[in-house]
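Peer 1: just the structure for this:
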Amino acid sequence: MLLRKQSPEANFEAMLAVAVGFAKRGLQLKFIFDAVRQFGADAAMQVVNAAAHSQDKASSIVAFGIGGDELAVDTKEFRAVYDKAGDIGLHRLMHAGEVGGPDKIREAVELLGVERIGHGIAAVHDEGLMDLLAERRIPLEICPAGNICTGALAKQLQRTNARIEDHPLPKLFRHGIPIVLSTDDPAMFHTTLQGEYENARRMRLTEREIASLQQASFDHAFAFDASVSTNQKQ
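Peer 2: Below is the predicted model of the structure:
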């Protein structure tokens, strides 16, 4: 929105107007304000400020996150941005470890106090990091079809191509790390949430394990408690 000189607040008001119709049908909507990493910290702070301004109109804003090119800007440049997000009561998310290494995940957790990681498949290369994520119950939002289509999985496995069956999701899950299945961009990657659960079955997860994935989607959605986590930056 900022790139196109649009008002985030005005756009959000329009979304809230549409959300009223969903609420009448019993569907609860919660919102995450998201910035693009390669646009830098100043632009990300504008997104946090827009969330702060919009909070007066809606209590349904529960989190702030950053996506985009995780290799573009040093993680430490966003410390003030995430501090502000926490100060206004938002949970903190970040894409990390999709094409970058496990160091990007560790930085997000330890420097920014991030409570949920987008993708995070690079964690499989660092046993100590897997221990940390499992101990702190920091979930990974994993998008199997997207990881194949973008080449991220092949990059992490250092192969020319990769199959769903090669995905590290089972290893991460069985290490005790909370895993949430996601579609990433359904239109771009031609997938659905049901399709991603079928992908989990292709990875030979058991029905009990798949049920745990479903439960994790509720447990880590920030849908019922918008207060910030007690996870502390190191």
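
Peer 1: wait, what's in contact with the residue nearest in space to the middle of the chain?
Peer 2: With distances taken as Cα atoms, centre = their mean, the residue of the chain nearest its centroid is residue 118 (3.2 Å). Taking Cβ atoms under 8 Å, 6 or more residues apart in numbering as the criterion, residue 118 is in contact with 65, 67, 93, 94, 95, 96, 98, 141. Every C-beta, even on glycine, is put in place using the N, C-alpha and C of the backbone.

Peer 1: now the residues you listed as TSV including neighbour count and distance to residue 215?
Peer 2: Shown next, in TSV, are these (neighbours: other Cβ atoms under 10 Å; distance: Cβ to Cβ, whole Å):
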residue	neighbour count	distance to residue 215
65	23	22
67	18	25
93	25	20
94	28	23
95	26	23
96	30	24
98	27	24
141	20	15
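
Peer 1: quick one on the thing from earlier: so is the residue nearest to the centre of the chain in a helix, a strand, or just coil?
Peer 2: Here residue 118 is recorded as strand under DSSP: H, G, I helix; E, B strand; the rest coil.

Peer 1: on that earlier part again, how about the contacts of residue 118 in TSV, adding secondary structure, pLDDT and distance to residue 73?
Peer 2: Shown next, in TSV, are the contacts of residue 118 (DSSP: H, G, I helix; E, B strand; the rest coil; pLDDT from 0 to 100; distance: Cβ to Cβ, whole Å):
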residue	secondary structure	pLDDT	distance to residue 73
65	strand	97	15
67	strand	96	12
93	strand	97	16
94	strand	98	12
95	strand	97	12
96	strand	98	12
98	coil	97	15
141	strand	97	21
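
Peer 1: turn these into a markdown table, including distance to residue 31.
Peer 2: As requested, the contacts of residue 118 are exported to a markdown table (distance: Cβ to Cβ, whole Å):
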| residue | distance to residue 31 |
| --- | --- |
| 65 | 11 |
| 67 | 15 |
| 93 | 12 |
| 94 | 17 |
| 95 | 17 |
| 96 | 21 |
| 98 | 23 |
| 141 | 16 |
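
Peer 1: quick check: what element follows the lowest-mean-pLDDT helix or strand in the chain along the chain?
Peer 2: When each helix and strand of the chain is scored by mean pLDDT, DSSP states H and E, helix 8-24 comes last, with a mean of 78. Moving toward the C-terminus from helix 8-24, the next helix or strand (DSSP states H and E) is strand 31-36.

Peer 1: got the angle between that next one and helix 8-24?
Peer 2: Strand 31-36 runs at 150 degrees relative to helix 8-24, counting by axes from the mean of the first three to the mean of the last three Cα atoms, to 10 degrees.

Peer 1: how about strand 31-36: buried residues?
Peer 2: 31, 33, 34, 35, 36 (16 or more other Cβ atoms under 10 Å).

Peer 1: please apply the same query to stretch 114-129.
Peer 2: Here stretch 114-129 shows 114-124, 126, 129 as buried, counting by 16+ other Cβ under 10 Å.
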